[in-house]
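Undergrad: Build the 3D model from these lines:
(chains A and B)
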Amino acid sequence: MVKEKLQPGEPEQPDRWEAQLRKGAVEMAALASLWQGRLYGLEILRFLETHSQMALAEGTIYPVLNRLKAEGLLTSEWVEAEAGHPRKYYSLTETGRDRLRQMAAAWTSFSRGLSRLIEPVVHEKERSNGQ
Amino acid sequence: MANETTMESYLTNLRLHLAPLTIADREEIVLEIAAHVRDSAEESGATVEAILNRLGPAEALAAQYRDGLLITKASRSFSPVVLLRATLRVASKGFAGIVVFFLAIFGYAMGGGFVLMALLKPIFPANTGIWLDGDGHFISMGMQFPTPGSGAHVIPGLWYIPVALIAGSLTLLSTTWAIRNFLRLSQRLRAKL
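TA: Numbering: from 1, shown residues only, chains lettered A, B, ... in the order given. As a prediction, this is how the structure comes out:
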């Protein structure tokens, strides 16, 4: 586990900032992966990797799922599989769907606003690439 | 075979560190992690050691489960014991938690003090309440045994009871509300990657 504390005066590293950003999004990502239907833990990890390049540490997703379930946003069921052992499938509850809709709306307006804000920065990069 | 032993010892360790959870919750977590390791090994052909490494130490994994559940439960609880335990857990990770922990103790002590005064006022009416000196200046609030001399006295009247009860309840409620919000916030910020 990486220590979270930042010493005063120490500049924040870009990778640290990115890690914080992803931390804030992990709940929404986990909920979003279940929007289309039930998945088990490993499928959620793979789904996030392929659809959002969001590579989570494997030990992270399970406690998060457990907590989201305790909050009533997810339900789970054990399903016998051909693999010979049962798998724990998660699905969204109605509360979970509502929460995800709220999160998606907040996220969209937030990211639109920020994209507008950094437009000049992105354009400058494009121009210098074009020369 | 070696793989099975490695996995068993990891799961035993995990079970051990999940001890504060109910047996049902604990076994379900262990089953799920076991299924993850088997599926992951089958899918990627990686060794059990490599997969367990990616999961991180059993102790750390268990701690993430425990913290998550403790704080989730506490952020909906009204019990000072549950709330203070969860705050203490957060306090072990950073300065803000320590400050909130002491503010919480202060809030509970103050709220509890008000309520206690309201309850004791009918029993010791001349000793409990707001104290003034001989010139009518405020000295203190609370109980004094024996009553101090030199004209110091309690403002008379049983109005003190409802006022202290309301002040106490408001202090306790706002303390509870503040801790619960702090715990929710800390959880959002602390979800680990």
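
Undergrad: For chain A, which segments are assigned as helices?
TA: A:14-33, A:41-52, A:58-70, A:94-117, A:119-130 (DSSP state H).

Undergrad: Point out the one among the ones you listed that comes closest to B:Phe106.
TA: Nearest to B:Phe106 among the helices of chain A is helix A:58-70; the distance by C-beta to C-beta comes to 29.4 Å. For every residue, glycine as well, the C-beta is placed using N, CA and C.

Undergrad: tally of neighbours for A:Gln53?
TA: 7 (other C-beta atoms under 10 Å in any protein chain shown).

Undergrad: make that B:Asn3, sorry
TA: B:Asn3 has 15 nearby residues by other C-beta under 10 Å.

Undergrad: wait, what's in contact with it?
TA: Taking C-beta atoms under 8 Å, 6 or more residues apart in numbering or on different chains, we find B:Asn3 in contact with B:Ala41, B:Thr47, B:Val48.

Undergrad: That one falls within a helix, correct?
TA: Yes. B:Asn3: assigned to a helix according to DSSP: H, G, I helix; E, B strand; the rest coil.

Undergrad: Who are the packing partners of the top helix by length along chain B?
TA: Criterion DSSP H: the longest helix present in chain B is helix B:160-190. Packed against helix B:160-190 by the contact rule (3 or more C-beta pairs under 8 Å, 6 or more residues apart in numbering or on different chains; DSSP states H and E) you find helix A:14-33, helix B:58-74, helix B:80-91, helix B:95-120, strand B:128-132.

Undergrad: Of those, give the one that comes closest to A:Thr75.
TA: Nearest of the helices and strands packed on helix B:160-190 to A:Thr75, taken as C-beta to C-beta: helix A:14-33 at 12.6 Å.

Undergrad: Show the secondary-structure elements that the closest one is packed against.
TA: Judged by 3+ C-beta pairs under 8 Å, 6+ apart, helix A:14-33 is in contact with helix A:41-52, helix A:58-70, helix A:94-117, helix B:160-190.

Undergrad: Contacts only, for the nearest residue to B:Met117 once chain neighbours are set aside.
TA: Distance criterion C-beta to C-beta, 6 or more residues apart in numbering or on different chains; nearest residue to B:Met117, sequence neighbours excluded, is B:Ala164 at 4.9 Å. The contact partners of B:Ala164, by C-beta under 8 Å, 6+ apart, come to B:Phe114, B:Val115, B:Met117, B:Ala118, B:Lys121.

Undergrad: If we use 7 Å, what do you get?
TA: Counting by C-beta atoms under 7 Å, 6 or more residues apart in numbering or on different chains, B:Ala164 makes contact with B:Phe114, B:Met117, B:Ala118.

Undergrad: How much space separates it from A:Ala70?
TA: 38 Å (C-beta to C-beta, to the nearest Å).

Undergrad: and what of B:Arg184?
TA: Where A:Ala70 is concerned, B:Arg184 sits at a distance of 13 Å (C-beta to C-beta).

Undergrad: Now render the helices and strands packed on helix B:160-190 as CSV, adding mean neighbour count and distance to B:Val154.
TA: Formatted as CSV, the helices and strands packed on helix B:160-190 follow (neighbours: other C-beta atoms under 10 Å in any protein chain shown; distance: least, C-beta to C-beta, whole Å):
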stretch, mean neighbour count, distance to B:Val154
helix A:14-33, 16, 54
helix B:58-74, 20, 39
helix B:80-91, 19, 29
helix B:95-120, 16, 11
strand B:128-132, 21, 4
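
Undergrad: Include distance to B:Phe138 and mean pLDDT when you put these into TSV, please.
TA: Converted to TSV, the helices and strands packed on helix B:160-190 look like this (distance: least, C-beta to C-beta, whole Å; pLDDT from 0 to 100):
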stretch	distance to B:Phe138	mean pLDDT
helix A:14-33	48	83
helix B:58-74	38	86
helix B:80-91	30	85
helix B:95-120	15	92
strand B:128-132	6	88
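
Undergrad: Can you add distance to B:Thr6 and give these back as JSON lines?
TA: As requested, those are arranged in JSON lines below (distance: least, C-beta to C-beta, whole Å):
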{"stretch": "helix A:14-33", "distance to B:Thr6": "28"}
{"stretch": "helix B:58-74", "distance to B:Thr6": "11"}
{"stretch": "helix B:80-91", "distance to B:Thr6": "30"}
{"stretch": "helix B:95-120", "distance to B:Thr6": "36"}
{"stretch": "strand B:128-132", "distance to B:Thr6": "66"}
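
Undergrad: With A:Glu119 as the reference, name the closest of those.
TA: Once those are compared by C-beta to C-beta, helix A:14-33 is nearest, at 19.0 Å.

Undergrad: what's the offset of the closest one from the middle of its chain?
TA: In terms of C-alpha atoms, centre = their mean, to the nearest Å, the centre of helix A:14-33 is found 5 Å from the chain centre.
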